[in-house]
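Colleague: Have a look at this prediction, sequence included:
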Number of protein chains: 2
Amino acid sequence: MKKMIIASTSTLYNGSYLEYLLPTLSEFFKDVKTITFVPYAQPDGISLDAYTAKAAQAFEKIGKKVIGVHTFDNPADGIEQAEAIFTGGGNTFLLVSKLYQYKLMQAIEKVVKSGTPYLGTSAGSNICGLTMGTTNDMPIIYPPSFQTLALVPFNLNPHYLDPIADSTHMGETRETRIQEFHTINPQPVVGLREGSWLEVVDETITLKGELTARIFRKNTTPEEWPTNADLSFLK
Amino acid sequence: MKKMIIASTSTLYNGSYLEYLLPTLSEFFKDVKTITFVPYAQPDGISLDAYTAKAAQAFEKIGKKVIGVHTFDNPADGIEQAEAIFTGGGNTFLLVSKLYQYKLMQAIEKVVKSGTPYLGTSAGSNICGLTMGTTNDMPIIYPPSFQTLALVPFNLNPHYLDPIADSTHMGETRETRIQEFHTINPQPVVGLREGSWLEVVDETITLKGELTARIFRKNTTPEEWPTNADLSFLK
């Protein structure tokens, strides 16, 4: 019995951390007092404690406590004991490296499949897919594998970005990059714009937020799907 | 005696393939009749032959023949026998995977150090650095390592892109990504804007083209260096 929120971003432009999601999270975590935070994606010099404090400050607004999984001697114990899990954003290569290092990939998969509610934003959403092969992040560290949690049967592209009109830059657009992914990999890719999220209840996957999502399937023209669309057919 | 051109991009906006570099390449390859092309970065469905034909069409304008390294039974033989090498752009994860698969990483390193002229654009430039850890590309395939040719003692970021003014997108800027790289990795990163290239003559490394380059060093404010700057001090 999976129960997940897979969000494109933690923060909207002009918003504060998790602000736009709080009404949803208040309902999603209604049976939960404490959320176990996975801070390992964070590379930018703030400590794991400081990142956890940032998450705690946001969740305090809806009456939840937050505990960092890094405070456990064995982080996998923190996942086993968690009432709920939140994996924050940062760098996906770093997050995946740490999840393998601490044997958290299997631990998270197991408890989420058993019903522990899971929230991911950005890198924490990337890892819900089959692989991290559609992350936007820089490969700042070499992880032992690109395989991720496979809690949904496709890949995610958070922070999905439409081509910029009149750009003279010759680097690839996001859409081109995902099409390159499909020259080698078969699975669909859900391009989640900032402000969108997927709600997963067991095997039912629904697009939420105010925006459409862009769905990429191999050898198929990309499609725009509206909010509240049932995306459970994707695999 | 190294002799290299490490270019940000193959193509400028409104330009044709390699066009802006041809005057430089005409001089750089003046003692060379045939250029061996490494097409393996190309993921987007065009064949290795078609990609090689595209390179051949450009080099025909300066009287050079092009041969694809993939046409050799053993591509490493193609590198050994090359008068000159050109590695084109595409996806760096794919390029690095193929270079390891065909044992070309060592082969290219060896001949370039022995004086075979080398041209790289985009992904073909990324691989000249210590690692591919500052590529912009999507991780569409898992390479056996992120280590690359180390023909210059730093990393490259081709297609360097300045932050977009007034953007409301919450994904990281290129500068932020490179700063994240520096939380884990020590080497400098040269951000090469489209239209810039590095000219390497033995251990002398000079910035060329009309633009400044942005140099990132760990724990240092990024610096703009002007064209014709001697960057040999970077390591």
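Modeller: Received the coordinates, thanks.
Colleague: Contacts for the helix or strand harbouring A:Glu175, please.
Modeller: With secondary structure defined by DSSP states H and E, A:Glu175 is part of helix A:174-182. Outside helix A:174-182, the residues within contact range by CB atoms under 8 Å, 6 or more residues apart in numbering or on different chains are A:133-134, A:136, A:155, A:157, A:160-163, A:172, A:189, A:191, A:214, A:216-219, A:222, B:43-44, B:90-91, B:137-138, B:140. Just so you know, the C-beta spots here come from the backbone N, C-alpha and C atoms, and that holds for glycine as well.
Colleague: ok, for A:Ser66, nearest residue in space, not its chain neighbours?
Modeller: In this structure residue A:66 is Val, not Ser. A:Ala56 (3.9 Å; CB to CB, 6 or more residues apart in numbering or on different chains).
Colleague: next structured bit after the longest helix along chain A?
Modeller: Counting residues, the longest helix in chain A under DSSP state H turns out to be helix A:48-60. Sequence order places strand A:65-68 as the next helix or strand after helix A:48-60, per DSSP H and E.
Colleague: Pull up the pairing partners for that next one, direction included.
Modeller: The pairing partners recorded for strand A:65-68 under DSSP bridges are strand A:34-38 (parallel).
Colleague: For the next helix or strand after the helix holding A:Glu175, report the contacting residues that lie outside it.
Modeller: Per DSSP H and E, helix A:174-182 leads on to strand A:189-191 as the next helix or strand towards the C-terminus. Contacts to strand A:189-191, defined as CB under 8 Å, 6+ apart, come from residues A:134, A:154-157, A:160, A:174-175, A:178, A:181-182, A:198, A:213-216, A:222, A:231, A:234.
Colleague: re earlier: which of the contacts of helix A:174-182 are buried?
Modeller: Among these, those classed as buried by neighbour count (16 or more other CB atoms under 10 Å in any protein chain shown) are A:133-134, A:136, A:155, A:157, A:160-161, A:172, A:189, A:191, A:214, A:216-217, B:43, B:90-91, B:137-138, B:140.
Colleague: Test my guess that A:Pro43 contacts A:Thr92.
Modeller: No: the pair A:Pro43 and A:Thr92 fails to qualify as a contact (CB atoms under 8 Å) at a distance of 10.4 Å.
Colleague: mind listing the strands for chain A?
Modeller: If you assign secondary structure with DSSP state E, the strands in chain A sit at A:3-7, A:34-38, A:65-68, A:85-87, A:118-121, A:155-157, A:189-191, A:197-201, A:204-208, A:213-216, A:223-225.
Colleague: mind giving me JSON lines with those and columns for mean pLDDT?
Modeller: Listed next are the strands of chain A as JSON lines, based on pLDDT from 0 to 100:
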{"stretch": "strand A:3-7", "mean pLDDT": "98"}
{"stretch": "strand A:34-38", "mean pLDDT": "98"}
{"stretch": "strand A:65-68", "mean pLDDT": "98"}
{"stretch": "strand A:85-87", "mean pLDDT": "98"}
{"stretch": "strand A:118-121", "mean pLDDT": "97"}
{"stretch": "strand A:155-157", "mean pLDDT": "97"}
{"stretch": "strand A:189-191", "mean pLDDT": "97"}
{"stretch": "strand A:197-201", "mean pLDDT": "98"}
{"stretch": "strand A:204-208", "mean pLDDT": "98"}
{"stretch": "strand A:213-216", "mean pLDDT": "96"}
{"stretch": "strand A:223-225", "mean pLDDT": "97"}
